[in-house]
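Student: predicted coordinates and the sequence they were generated for:
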Amino acid sequence: MRDYPLEKVRNIGIIAHIDAGKTTVSERVLFYTGVSHKIGEVHEGAAVMDWMEQERERGITITSAATTCFWTPTYAKTDASKKHRFNIIDTPGHVDFTAEVERSLKVLDGGVVVFDGVAGVESQSETVWRQADKYKVPRVCFINKLDRTGASFERSYQSILRRLTKKAIRMQLPIGEESNHQGVVDLLTMKAYYFEGEMGTDVREDEIPENMKADAEKYRGELIERIVENDEVLMNEYLEGKEISLDILKATLRKGVIALNVIPVFTGSALKNKGVQKVLDAVVDYLPSPLDIPPIKGIDPKTDAEIERKASDEEPFSALAFKLQTDPFVGQLTFFRVYSGTVESGSYIYNSTTEKKERLGRILRMHANEREEVKKVYAGEIAAAVGLKETRTSDTLCDESKPIILEKIEFMKPVVSVRIEPKTKADQEKMGIALKKLSDEDPTFVVSSDEETMETIISGMGELHLEILVDRMKREFGVEANIGKPQVAYRETVTKPSDAEVKYVKQSGGKGQYGHVKIKIKPMDVLTEEEIKGLPKNVKRAEGFEFVNSIKGGVIPQEFIPAVEKGVKEGMSRGVVAGFKMVDVSTDLYDGTYHDVDSSEIAFKIAASQAFQEAARKATPVLLEPIMKVEVVTPEQFMGDITGNLSSKRGQIESMDDRGEGMKVVNAKVPLSEMFGYTTALRSMTEGRASSTMEFSNYAIVPQNVAKEIIDARK
């Protein structure tokens, strides 16, 4: 039997900008829920959830860590029936590891978004917020670090309203800020809470301080109005002046949070052990259990019809593999979220994505990098499997008699590449194995080879991302490697329509080769997913590519059409400007001829590839480069140096805002090629007092003078 009913299970993620204090919050959660008996501090390199050596050295989270813990709300400490089970994932905040956040949010039911009480909303806060919006994840906010100099609850709260959502509402007010931060006022119960004893374990309830009563009354009125908006009957009672009970207010707020209409905001200081228990209470009170979220939808692989699975142990088994991790003791771990049904260790499961059956050796419940073996997992749970050799990230695991394919997780494409070569002959073989395992774990880490130079190229989301992966190769797999300079993932596209005709004929005695195609190409309008779904059947879309088959009357037999499409893709793989991959091109096959005997797939593939290249040369091709969204936080006196420096890097300054006392924020868009080594340059420009974050924004056309330099360097 399952040890916890589904309504008492919470699958939550802790998400935030780098340095907002996510891992410190996670460590407090582990301590207060009794999982760990000593608080591990990030700045001491002892955090339980940051278990990788690289994480402890750098003081940042690199990989999402999963853990299971149990919590009874502070207002029901003696009532065992109120105990809830939390499956928590602590995610990275650095933009280079954004894939970890993406895959975690896909399988979680709720989120706790942590903000720095000094900085408020930062650039990566916006990114994780958009990711949570994309997966429709209900969330609560925690404005952390209110003990720091320059902290302001109100300013941080206003930054959430201004930059993220108007749906946020204060649940608490801080009692004092900076060095005077003592506790919080709860606007629902209208009580003050202080966190006393060693590590703030004793939550003391008291009356609201006299000097805060007027503000508390005012903001409670706002909160109640926001809650009753979610229920018409309640709204009428409120307007009639009736007193609404606390339980009804909580239940209505819970409905509003799950429907994404309200986002409660809490506050405190995790480092000073204030406020975290009240956030855990909020997870119980307001975030959804697996029963509160809509049934998971998928596709029946036999009929292509949409089907759904409810969060129930009685439904057929379905789960999504969302993360692979190489464990030095047990081999490859496959993390999966069970959406419906149950599965036991030792049983066979069906991978509907690869159409293969695999034996599930052991099932582990993870606590960071520690393991607890379990015999069976139930609907709504997160676990790790040992023994799945063929399963990859985003694969669906299900019951073979009732197959389903769940929606895949979409990951961003890498933007930075470097050459890598093994130092010795012995390293060569090991390097291939290590790169394969690391790319299986991380879908944003791509390994390829340069066909001309036969060098191995590794690509990722940023310099730090690649640096960490090379470091892991050395420590975990014992592979020493030399790294080349970072390279930018340039692309090419066309700017005008054009056409071409190629007849590929080869006679060499016996059966010859004959393929004849006429194609038109044009720049592709990038459509939304909804528009793509509405396209006619003869149009095939992939990322940055569209193939239209306009052939009438069988002038080219149907069996050769896929070969033509393959040929076009091959032609796009090496662009005509500098040999970079081509994107955003629409190709229309509108005419051609064939030979009864000599025509073959290879002939049509070659003809199509040559025709595409010829058409591309006539279509005014251009180079595209990745543009990065850059945010620099700096003391005011360095503003001029920073804006001047960014402008010299072909950057466009988009905004300059105030942040706290004497601090400014510069938002700009800058080509990635100009940003290598920027962190070091920024430190020397600002006496080490400024910081920057960078994330991919879009591709843009490279100016002609810069394009010439790139083309010359490729020759």
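Tutor: Here it is on my side, so go on.
Student: now do the SS call for L105.
Tutor: Three-state call for L105 (DSSP: H, G, I helix; E, B strand; the rest coil): helix.
Student: pretty sure it sits against I14.
Tutor: No. Applying Cβ atoms under 8 Å, one finds L105 not in contact with I14, separated by 11.3 Å. Placement of C-beta: from N, CA and C, glycine included.
Student: overlap in contacts, the two.
Tutor: T91, G111 (Cβ atoms under 8 Å, 6 or more residues apart in numbering).
Student: which residues in the stretch 151-300 of the chain form strands?
Tutor: Secondary structure of the stretch 151-300 of the chain, counting by DSSP state E, counting those that start in this stretch: strands at 168-170, 172-175, 183-186, 191-196, 202-206, 263-267, 296-299.
Student: so what touches the longest one?
Tutor: With contacts defined as Cβ under 8 Å, 6+ apart, strand 191-196 is touched by 175, 182-186, 201-209, 212, 268, 273-275, 277-278.
Student: for the second one, same thing?
Tutor: The contact list for strand 172-175 (Cβ under 8 Å, 6+ apart) reads 146, 153, 181-187, 192, 194, 209, 212, 215-216, 219, 265-268, 275, 278.
Student: which among these end up buried?
Tutor: With burial judged by 16 or more other Cβ atoms under 10 Å, the buried subset of the contacts of strand 172-175 is 146, 153, 181-187, 192, 212, 216, 219, 265-268, 275, 278.
Student: secondary structure class for the spatially most central residue of the chain?
Tutor: The chain has E102 as the residue nearest its centroid, 2.1 Å off, counting by Cα atoms, centre = their mean. Using three-state DSSP, the structure places E102 in helix.
Student: repeat for P414
Tutor: Under three-state DSSP, P414 falls in the coil class.
Student: doesn't D442 make contact with it?
Tutor: No. Judged on Cβ under 8 Å, P414 makes no contact with D442 at a distance of 9.9 Å.
Student: quick one: which of the two has more around it?
Tutor: D442 (26 against 22; other Cβ atoms under 10 Å).
Student: any idea how far I457 is from that one?
Tutor: 16 Å (Cβ to Cβ, to the nearest Å).
Student: look at E559 and say how many residues are nearby.
Tutor: E559: 10 neighbours (other Cβ under 10 Å).
Student: meant to ask about A168, not that
Tutor: Applying other Cβ under 10 Å, I find that A168 has 20 neighbouring residues.
Student: wait, what's in contact with it?
Tutor: A168 neighbours (Cβ under 8 Å, 6+ apart): C141, Y157, I160, L161, I263, P264, V265.
Student: pull the distance from stretch 618-628 to the chain's centre.
Tutor: Offset of stretch 618-628 from its chain centre (Cα atoms, centre = their mean, to the nearest Å): 27 Å.
Student: do me a favour and get the end-to-end distance for stretch 267-274?
Tutor: 9 Å (Cα to Cα, to the nearest Å).
Student: flag every buried residue along it.
Tutor: In stretch 267-274, counting by 16+ other Cβ under 10 Å, buried: T267, G268, S269, A270, L271, N273, K274.
Student: what's the pLDDT at the fifth one?
Tutor: Translated: L271. pLDDT for L271: 88.
Student: go on, the first one?
Tutor: Taken from the predicted model, the pLDDT recorded for T267 is 94.
Student: any common contacting residues for P414 and D442?
Tutor: By Cβ under 8 Å, 6+ apart, the residues touching both P414 and D442 are G460.
Student: and the residue lying closest to G380 once chain neighbours are set aside, how far from V284?
Tutor: Sequence neighbours aside, P290 is the residue nearest to G380 in space, at 3.3 Å (criterion: Cβ to Cβ, 6 or more residues apart in numbering). To V284, P290 is 14 Å away according to Cβ to Cβ.
Student: go on, P403?
Tutor: Distance from P403 to V284, by Cβ to Cβ: 36 Å.
Student: state the phi and psi torsions of the nearest residue to G200 once chain neighbours are set aside.
Tutor: Nearest non-adjacent residue to G200, counting by Cβ to Cβ, 6+ apart: N273, 3.0 Å away. Dihedral pair for N273: phi 60, psi 40, per degrees, to the nearest 10.
Student: mind listing what N273 touches?
Tutor: Counting by Cβ under 8 Å, 6+ apart, N273 makes contact with R28, F195, M199, G200, T201.
Student: okay, now the first one: neighbour count?
Tutor: Right, R28. 25.
Student: what about it, helix or strand, and which?
Tutor: In the assignment (DSSP states H and E), R28 maps to helix 22-32.
Student: immediately after the helix or strand where V665 lies, which helix or strand?
Tutor: In this assignment (DSSP H and E), V665 forms part of strand 663-671. Next helix or strand after strand 663-671 toward the C-terminus (DSSP H and E): helix 678-685.
Student: can you tell me what sits against that following helix?
Tutor: V630, V632, F638, D641, I642, N645, A690, S691, S692, M694.
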